[in-house]
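**Student:** Below is the sequence, then the predicted model.
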Amino acid sequence: MKSTFSMNKIIAPISNKAAKVIPLDKQIKGMHIYQKTKRKVLPERFLRKIPEFIEEPIADVSTLAIEDIDVSNPFLFRQNKWQSYFKRLRDECPVHYQANSNFGPFWSITRYEDIMFVDKNHELFSAEPIISIGDSPDGLEIETFIAMDPPKHDDQRRAVQGVVAPQNLKELESVIRKHAEDILDSVPVGETFNWVDHVSIELTTRMLATLFDFPFEERHKLPYWSDVVTGVPETFGGTVGSDEMFNVAASAISQVSSIWREKEAKKAAGEEMGYDLISLLLTNEKTKDMIDRPMEFLGNFVLLLVGGNDTTRNSITGGVHALNEFPDEFKKLKQDPGLIPNMVSEIIRWQTPLAYMRRMAKEDVEINGKIIKKGDKVIMWYVSGNRDERHIDQPDQFIIDRKNARNHLSFGFGIHRCMGNRLAEMQLRIIWEEILKRFDNIEVVDEPEYVQSTFVKGYTKLMVKVTAKE
Amino acid sequence: MGSITFIEHDGQQHAVDIEEGKSLMQIAMDNGVPGVDADCGGACACGTCHVIVDSNWMSGTGSISADEKQMLDMTPEQAVTSRLSCQILTSEEMDGMVVRLPEFQM
């Protein structure tokens, strides 16, 4: 393990220096060949094990010894076993150690208060090297501020947060509404269709294309790229192969670089810059040369891509699912559409589209009677904290007028708190305002299907039938 | 009993009674002042109870911790007299204090 890691360390600085002369996609292709060769020539004991996940029915949690509970099983959400697993941990072993997972040993933090403690104390818990349960794939060790500690984190975050600043949000509101209207006006009323593809993915994709100023007709590349990133088995527990991953990294970086270069030329020509992400990076002193630091460049792109994709997509779907599970809430909503903003927070809590964030202990820390050692991997399971009976009344119920609905963990707390939270809420609010204008009912007609992942708590399929308003 | 006035971004004013020992955030929430979200419930961990204190009153609001400063640094609407209202304990000496709310709580 050690030797592969150090070899990557040697290669990465070279690629940073080479950035100005060798096109980024060529460098990624070079790294791909290097990684492939390494896997062919090196003895297995020197190679990082890439887990292969084969789905098997997950045992009833009550049949397991506490130390055998492994909540990093990427089928836990898909098989809908997560609630019972996390409830047992919260009740019996809220700070839980799993010694032998596919992602190595890790601690699970499962109660609301403890998660808040870890998330807040960034001096005790580092976000480096990465926030996924498994490390980055070899050769693609991206650098992103969600996985940086201060002070570097602060500079980088500040450079991009303008993309979701008030001025931009106001401009985006009408853009989102136009897209929402357009998408909802084209759903096949009275027929059965997949809400995930037709509505959730389409709306978030259009939003991402706007934020990146990405060619609109090519927008479908964006969710595909995002799905590949979060589908890496050794990082998140998905099914994406190494070849596909490197191919996507190369084509993504090539296309985003050319958008960058175009905008750079515009800037040089003195043209007015927009409020898209790349323009913002280009007009900030600290990030204007980011393209010369490929892993950072790729990292920031990936962060905003994934951050704006899975989250909102699965909350849009989750809302429809929740209102079908709790039909009285649907009635309540139709009687009082003024509840939409509060419902949006409740959807984000109930769904918790990203299940966790990872930290590393910077010193020995005691939490709830357990000593977490310096260097240990710590997973804050937001998905569990959001159902913690100690903090939230009737946590498994979906209650659209819940008091303190905003107090959920889904955005995280502390310095890494979700930067796009207001944009996410706005998208959800608008889609629900537009849904209520058009439809009397959205009926879920089949069992939902879920993503295989430790990280993305989301849907691949939600078959629905909508009824138009009379 | 003294009062503190919150001014929303659109100019709407809300005068609320001081309750000694409660945080400024808490009295805003208890009185339903719009524009204060308090997503973390007062843990100095989200930045959504951001207020901009009238400069005449700033010195009376106590000191800013490193945690609070870090959260305030994350909001694009940060001003010189920005505070997180959950970190300000109210007292009768604050009678007449004015705080402005940002356009968005981030």
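**Tutor:** Structure received.
**Student:** how deep is A:Arg48 tucked in, by neighbour count?
**Tutor:** A:Arg48 has 15 neighbouring residues, counting by other CB atoms under 10 Å in any protein chain shown. To be clear about C-beta, it is placed using only N, CA and C from the backbone, and glycine gets the same treatment.
**Student:** surely it meets A:Asp138?
**Tutor:** Yes. Using CB atoms under 8 Å, A:Arg48 is in contact with A:Asp138, at 5.9 Å.
**Student:** For whatever helix or strand A:Gln156 lives in, list every residue counted as buried.
**Tutor:** If you go by DSSP states H and E, A:Gln156 is part of helix A:152-160. Residues A:His153, A:Asp154, A:Gln156, A:Arg157, A:Arg158, A:Ala159, A:Val160 are the ones in helix A:152-160 that count as buried (16 or more other CB atoms under 10 Å in any protein chain shown).
**Student:** so which of those residues are also by chain B?
**Tutor:** Among those, the ones lying near chain B by CB under 8 Å from any CB of the partner chain are A:Asp154, A:Arg157, A:Arg158.
**Student:** can I get those in a markdown table with pLDDT?
**Tutor:** Formatted as a markdown table, these follow (pLDDT from 0 to 100):
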| residue | pLDDT |
| --- | --- |
| A:Asp154 | 90 |
| A:Arg157 | 89 |
| A:Arg158 | 85 |
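**Student:** Of those, which is the nearest to A:Gln79?
**Tutor:** Using CB to CB, A:Arg157 is the member of those that lies nearest A:Gln79, at 36.2 Å.
**Student:** I figured the closest one hits A:Cys418, correct?
**Tutor:** No. Between A:Arg157 and A:Cys418 there is no contact under CB under 8 Å: 11.2 Å.
**Student:** Number of residues surrounding the residue of chain B found nearest chain A?
**Tutor:** Nearest to chain A, among the residues of chain B, is B:Ala45, at 3.8 Å (CB to the nearest CB). As a burial measure, B:Ala45 scores 23 neighbours (other CB under 10 Å).
**Student:** So the closest residue to it other than its chain neighbours, which state does it fall into?
**Tutor:** Excluding the flanking residues, the one nearest B:Ala45 by CB to CB, 6 or more residues apart in numbering or on different chains is A:Phe413, at 3.8 Å. Judged by DSSP: H, G, I helix; E, B strand; the rest coil, the three-state class of A:Phe413 is coil.
**Student:** Assess the claim that A:Phe413 and A:Lys120 are in contact.
**Tutor:** Yes. Look at A:Phe413 against A:Lys120 with CB under 8 Å: they come within range, at 5.9 Å.
**Student:** more crowded one of these two?
**Tutor:** Ranked by neighbour count (other CB under 10 Å), A:Phe413 and A:Lys120 place A:Phe413 first, with 25 against 21.
**Student:** roughly how far apart are the more buried one and B:Met29?
**Tutor:** Counting by CB to CB, to the nearest Å, the gap from A:Phe413 to B:Met29 is 17 Å.
**Student:** Please apply the same query to A:Gln394.
**Tutor:** Distance, A:Gln394 to B:Met29, by CB to CB: 21 Å.
**Student:** What score does the nearest residue in space to A:Lys49 that is not next to it in sequence have for pLDDT?
**Tutor:** Closest residue to A:Lys49 apart from its sequence neighbours, by CB to CB, 6+ apart: A:Glu234 at 7.7 Å. We have a pLDDT of 95 for A:Glu234.
**Student:** In terms of helices and strands, where is A:Glu234?
**Tutor:** Using DSSP H and E, A:Glu234 sits in helix A:233-236.
**Student:** just how off-centre is that helix within its chain?
**Tutor:** In terms of CA atoms, centre = their mean, to the nearest Å, the centre of helix A:233-236 is found 13 Å from the chain centre.
**Student:** again, but for stretch A:91-109
**Tutor:** In terms of CA atoms, centre = their mean, the centre of stretch A:91-109 is found 21 Å from the chain centre.
**Student:** Show me what that stretch is in contact with.
**Tutor:** Residues from elsewhere that reach stretch A:91-109 (CB atoms under 8 Å, 6 or more residues apart in numbering or on different chains): A:51, A:53, A:66-67, A:69-72, A:89, A:110-111, A:114-115, A:118, A:133-134, A:234, A:237, A:358, A:367-370, A:372, A:376-381, A:384-385, A:454.
**Student:** in its sheet, what does the strand or helix carrying A:Val378 sit against?
**Tutor:** Assessed by DSSP H and E, A:Val378 sits inside strand A:377-381. Strand pairing for strand A:377-381, using DSSP bridges, gives strand A:106-109 (parallel), strand A:356-361 (antiparallel).
**Student:** For the chain, which element, helix or strand, carries the lowest mean pLDDT?
**Tutor:** Looking at chain A here, since you left the chain open. Here the helix or strand of chain A ranked lowest by mean pLDDT, DSSP states H and E is helix A:2-18, holding a mean of 47.
**Student:** wrong one, I was asking about chain B
**Tutor:** That would be, for chain B by mean pLDDT, DSSP H and E, helix B:66-73 at a mean of 93.
**Student:** need the residues of the stretch 151-300 of chain A near chain B, please.
**Tutor:** Taking CB under 8 Å from any CB as the contact definition, the stretch 151-300 of chain A meets chain B at A:Asp154, A:Arg157, A:Arg158, A:Gln161, A:Gly162, A:Val164, A:Ala165, A:Pro166, A:Leu169.
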